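J.: let me see the structure of the following:
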Amino acid sequence: MSYTLITNGTLIDGQGNEPVTNASVLINDNYIEKVGKSGDIQAPDAAAVIDAEGQYILPGLIDTHVHMAMELRNVQDAILTPFSYRFYESVEFLKRTLNVGITSVRDAGFSDLGMKKAVEDGLIEGPRMQVSINPLTITGGHGDSWNRSGVDTTLQTYPGMPNAICDGKEAVRKTVREMLRAGAEVIKVHATGGVSSPTDHPEFTQFSQEELEVMVEEAHFRKGIKVMAHAQGAEGIKNAIRAGIYSIEHGIYIDDEAIELMLKNGTFLVPTLLAPISVLESSEKDNKMAPYAVEKSKEVVEAHKESIAKAYQAGVKIAMGTDAGVMAHGTNLRELGLMCDIGMSHMEALVATTKTAAECLGWEAQVGTIEAGKLADIILTDVDPLSDIRSLENSDHIVMVMKNGTVYKNLLQRKGSHV
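T.: Sure, this is the predicted structure:
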């Protein structure tokens, strides 16, 4: 057994409870053993001690919508860059993500099982991953990057990344089975068009409700796996919810009926407010973003904020997700401030990226809160996020990152610590 004691900090436990001052967390190997006031917790003599005086103790953060195998590049770069290059890039993307305190992610497309295994086996540093492999799409829909020039800039398929374009119920059924065979832990579908695709629009509906129901049926009855839906237009959102899909990604044009359905079905909403904003910001400084993506982002950005605000006010469950890969990895925590801009309190935003995000992944028994029996995913910040949540956008304020009991970043002066 190897013990680590984090002591003398202010605990924000991820459950929405009031902060606890002078708190300690005792870690036994990779699990949390005790949580409480520092005077009430005694560590074994050989324990490593991390003095968190003046710091804030939080659960490892969770981003429920990332693309760890990519960062958007312009069409010329996409065509000219060798296929294997992106695997080497992803090593840096994963490390950056962990460095900002995100210890778990749900990958919404293009990371294969090998990337997850490389992290788990310690070959590379990165957050714990839940992978969807390749998002299902229709011919000519979001996810089909065939351009009218005839050039196809779709990320290449290979044995661990099956082709995801499918039309009709039986093709859908087979494609879901292929994703499961490749190791998908969640099925991702594009239920509507999107901002970054060349031949559709966010309000376009993709797949019929019957096709979406086949995805849910195949995923659930074969492996008990859930389906997440890129869904931006109102009709596509409602089709997805009625089909039994458990999380709506983006939700740009949510209407009142969609909100009622989400509340009735307990559907999660993953806003990714940062995504269209980052497209516009990028367009002002370089040429990475295609003109059609820039124009569509201008069109949707205000409607997006209004829809998420309306869903929040109605009580829809909101889990933090960013669409990282559309913007630079490591800038994820900008999403927290944007969530507060639409009405969430700082505490609610933190719960959205801890407890609620863990529930969205189905990992609430393991991560998301600081409680005895959970995995030791813990971060320390040198600023109070409840007073200034945007301070977390500067990764220097994340002074320690622990995942699964191992410290990957520590800017503190440590006492007797071997980690």
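J.: so Tyr88, which of the three states?
T.: Under the three-state scheme (DSSP: H, G, I helix; E, B strand; the rest coil), the conformation of Tyr88 reads as helix.
J.: for it, the count of nearby residues, please.
T.: Close neighbours of Tyr88, defined as other C-beta atoms under 10 Å, add up to 9. All C-beta spots, glycine's among them, are computed from the backbone N, C-alpha and C.
J.: isn't Asp323 up against Ile277?
T.: No. Using C-beta atoms under 8 Å as the test, Asp323 is too far from Ile277 to be in contact (10.5 Å).
J.: those two - which one has more neighbours?
T.: A direct count of neighbours by other C-beta under 10 Å for Asp323 and Ile277 places Asp323 higher, at 27 against 18.
J.: low-confidence ranges in the stretch 251-400 of the chain?
T.: Low-confidence regions of the stretch 251-400 of the chain, defined here as pLDDT under 70, do not occur.
J.: in it, which spans are helices?
T.: Ranges of helices in the stretch 251-400 of the chain, per DSSP state H, counting those that start in this stretch, are 256-265, 274-283, 291-314, 334-341, 346-352, 355-361.
J.: for those helices, which one sits closest to Val100?
T.: Across the helices of the stretch 251-400 of the chain, the minimum distance to Val100, taken as C-beta to C-beta, is reached by helix 334-341, at 10.2 Å.
J.: what helices or strands is that closest one leaning on?
T.: Other elements packing on helix 334-341 under the criterion 3 or more C-beta pairs under 8 Å, 6 or more residues apart in numbering; DSSP states H and E are helix 274-283, helix 346-352.
J.: most packed of those helices?
T.: Of all the helices and strands packed on helix 334-341, helix 346-352 carries the top mean neighbour count, a mean of 23, counting by mean count of other C-beta atoms under 10 Å.
J.: who does it touch, helix- and strand-wise?
T.: In this structure, helix 346-352 makes packing contacts with helix 334-341, judged by 3+ C-beta pairs under 8 Å, 6+ apart.
J.: which residues touch the helix it packs on?
T.: Under the contact criterion C-beta atoms under 8 Å, 6 or more residues apart in numbering, helix 334-341 has outside partners 63, 271-274, 277, 305, 308, 318, 320-322, 346, 348-350, 352-353, 385, 389-390, 392-393.
J.: list the buried ones in that helix?
T.: In terms of neighbour count (16 or more other C-beta atoms under 10 Å), helix 334-341 has its buried residues at 334-340.
J.: now do stretch 157-176
T.: Residues 161-162, 164-166, 169, 172-173, 175-176 are the ones in stretch 157-176 that count as buried (16+ other C-beta under 10 Å).
J.: got the CA coordinates for that stretch in CSV?
T.: Included here for stretch 157-176 are C-alpha records, laid out as CSV according to Å, rounded to 0.1, in the frame of the first residue of the first chain:
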residue,chain,number,x,y,z
THR,A,157,-10.6,4.9,-42.3
TYR,A,158,-8.4,2.0,-41.3
PRO,A,159,-8.8,-1.3,-39.4
GLY,A,160,-9.5,0.4,-36.1
MET,A,161,-11.6,3.2,-37.6
PRO,A,162,-14.5,1.8,-39.7
ASN,A,163,-16.2,3.8,-42.3
ALA,A,164,-19.1,5.7,-40.7
ILE,A,165,-21.3,6.7,-43.7
CYS,A,166,-24.5,4.7,-43.7
ASP,A,167,-28.0,5.1,-45.2
GLY,A,168,-31.0,3.0,-44.3
LYS,A,169,-31.8,0.9,-41.3
GLU,A,170,-29.8,-2.2,-42.2
ALA,A,171,-26.7,-0.2,-43.1
VAL,A,172,-27.1,1.7,-39.9
ARG,A,173,-27.4,-1.6,-37.9
LYS,A,174,-24.2,-3.0,-39.5
THR,A,175,-22.2,0.2,-39.0
VAL,A,176,-23.1,0.3,-35.3
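J.: that one: how far from the chain's middle?
T.: Relative to the chain's own centre, stretch 157-176 is displaced by 23 Å; criterion: C-alpha atoms, centre = their mean, to the nearest Å.
J.: and that stretch, what's its mean pLDDT?
T.: Confidence for stretch 157-176, expressed as mean pLDDT, is 96.
J.: ok, stretch 209-220 next?
T.: Summarised as a single mean, pLDDT over stretch 209-220 is 96.
J.: before we move on, the earlier item: want to throw the helices of the stretch 251-400 of the chain into a markdown table with distance to Ile245?
T.: A markdown table is the format used below for the helices of the stretch 251-400 of the chain (distance: least, C-beta to C-beta, whole Å):
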| stretch | distance to Ile245 |
| --- | --- |
| helix 256-265 | 9 |
| helix 274-283 | 19 |
| helix 291-314 | 16 |
| helix 334-341 | 22 |
| helix 346-352 | 19 |
| helix 355-361 | 12 |
